[in-house]
Each structure stands twice: as structure tokens, then as C-alpha cells.
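[1] how does the following fold in three dimensions:
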Amino acid sequence: MLKAELDRRVLLAAMAGLPLAACAHRIGAAGAGELGVATFNIWHDAGGQWPKRLPLLVTALRGADADVIALEEVLEDAGKGLPNQAIAIARELGYPEVHFVAPDPEGAPKRFGNAILTRLPVIEVARRKLEPLSDYRTAIRVRVKTGRGPVDVVAAHLAWQPEAAAVRAEQIADLLGWLPTDGTPLVVMGDFNAPLDDPGLAAMGPPRFTSALAPGAVPTTLNPARGHAPRVIDHIFADSAHFAIAVAKVIGSEPVDGEYPSDHFGVAARLIRR
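    Numbers count the residues shown, from 1 in each chain. Reported below is the predicted structural model:
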């Protein structure tokens, strides 16, 4: 059955329609020393077109063939009858593990946060409200089992204001200080709301981390069709000591019948274990 770290009401609702065929774990390429990852800011229920956007997100993420997926701006809202969006995506993709974090308490009628979906066996899950708490940002860490041993994957979403580099730096420092120090290979991904040269992201650079998208590799991960100036702010950071980047790309950047999956594009990468 779907293993979602959510309140019981949402979990039972999601499980009711989930086919058993979706429940098998798959190590696949991760057992051969490769790890497929992807991140996508799904834009909650903005624009009121979630029923149209859901299949577009599913198609984009299915094409990424990721072992682990990070989602940002995930909403569940009982007031509008909207179940957790990460569960809906996982059901369509057939991913058996969904883990969610929000600053709102479990059982609250409305929760907004980040999620990790994976088709790999999960060893442990941890959640964090990032400092400064006044910015209401969160991170989630899921330790997954691969054929080459455990890997920690983190999803995060940082302060959005262009002038908030100091806040982003504080959030990243809090995040890195919270993570285990047992040498487990690490991948951190999400919407960092800043390009690679933002001072707030300095700790996510070399020598510790490698960005899956090299500087200048793509023009934007923000969707200009939704009024955004082009900027690359969605990132996958891989632990340089343990991973090399095989390939990375933007996903979900093309409209279907005039609709896009989100106001962001996703980022997908294949990582090779060193």
C-alpha cells in the first residue's frame, strides 16, 4: 500500500483508489551505480487548473524516469476538496513511497510544503523547519536503499525575495547542520529561488557539491509564459565525492493545448556513483 507520511485522513483517501500494481519497489538502474533524480515546483493550485496540469506533470516526470523525485509547493486543502497533490502524482506514476513536510501541523485543514516520491526502498525519513522560522520554510530528507548502499535525498524550498541572500544562506546553513554526518552520499534538490551565483547558495558549490545543471546550461527554469523573467533557480546538487553527473535536462517546458505543467520547469538528472 502507499506509504505516505501524512495525516490519516489524507492517507486513507489516497489509498482507497491506489492499485496494488503500484506498490512494488524497484531499484533498477540505482542498483547498477546510477541514480535518477528530478525536482519540480508544481505551483500548488495556482490558476485553478490543477485537473489539467496534473496529467502534464505526470507525463513530464514519467519521462524523467527518476528513482527519486522532489516536489515543491505541494498543497493539500480540505476547504476546496483538494487531497495532497504529491499523493495524486505518486498514484499516477506508480511510486509506492510519498513523504511530505509542511510548517502546518498534521491534521490541519490546509498544508503547504515539500514532498519526496521514490520507487526505492526507504530506510528513514526526517523533517525540518528551517531557520529563520519566520520564513516558514521546510526541508525533508529521505534515506533510500540502492544497490550501492544508502543515499540521502533532500528536498527544500528557500526564501524567494531577490534581496534575501542572507536568509537563504541561513536556511542552507541550518539544513546542512541538520543532516547526518555518517558519510552517506547526499543529493539536495528543490527550488532555491536563486541562481548559482547568488551569495546565499555559496555553501552548495564546490568542493562539496556539483550542480547537475552547469552554469549557462539552460536559459531558465522559470516559465516565461507565466510572466517570469528567465532565471535558473531550480537545482540538483550532488555530493561531489560520491557522484558524477551523467546528464541533466529541463523537463515540462512545452505546453500541451496551451497549458503548461507549472510556472516552473522541472530539472532531471542521472547521477553516476563514483
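
[2] touching, A155 and D191? I think so.
    No. Counting by Cβ atoms under 8 Å, A155 stays clear of D191, with 9.2 Å between them. In short, each C-beta sits where N, CA and C put it, glycine included.

[3] pull up the overlap in contacts between the two.
    39, 72 (Cβ atoms under 8 Å, 6 or more residues apart in numbering).

[4] more neighbours: which of these two?
    Neighbour count, other Cβ atoms under 10 Å: between A155 and D191, A155 has more, with 29 against 25.

[5] got phi/psi on the more buried one?
    phi -110, psi 140 (degrees, to the nearest 10).

[6] in the protein, where is pLDDT below threshold?
    1-31 (pLDDT under 70).

[7] quick one, what contacts the nearest residue to A229 once chain neighbours are set aside?
    Leaving aside its sequence neighbours, A229 sits nearest to L222 (Cβ to Cβ, 6 or more residues apart in numbering; 7.1 Å). Counting by Cβ under 8 Å, 6+ apart, L222 makes contact with 228-231, 233, 263-265.

[8] quick one: L222 from A90, how far?
    25 Å (Cβ to Cβ, to the nearest Å).

[9] sort out which of the contacts of L222 are buried, if you could.
    231, 233, 263-265 (16 or more other Cβ atoms under 10 Å).

[10] could you tell me which of these belong to strands?
    Among the buried ones among the contacts of L222, no residue falls in strands (DSSP state E).

[11] so which residue is smack in the middle of this protein?
    Nearest residue to the geometric centre of the chain (Cα atoms, centre = their mean): A70, 1.5 Å.

[12] now name the helix or strand holding that residue.
    strand 68-77 (DSSP states H and E).

[13] sorry, back to before: in JSON lines, list the contacts of L222 along with distance to L82.
    Formatted as JSON lines, these follow (distance: Cβ to Cβ, whole Å):
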{"residue": "H228", "distance to L82": "24"}
{"residue": "A229", "distance to L82": "29"}
{"residue": "P230", "distance to L82": "30"}
{"residue": "R231", "distance to L82": "29"}
{"residue": "I233", "distance to L82": "25"}
{"residue": "D263", "distance to L82": "18"}
{"residue": "H264", "distance to L82": "19"}
{"residue": "F265", "distance to L82": "23"}
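
[14] and these, which two are furthest apart?
    Spatial extent of those (Cβ to Cβ) is set by the pair A229 and F265 at 14.0 Å.

[15] quick one, what contacts the residue nearest to the centre of the chain?
    Counting by Cβ under 8 Å, 6+ apart, the residues that A70 touches are 37-40, 114-116, 153-155, 189-190.
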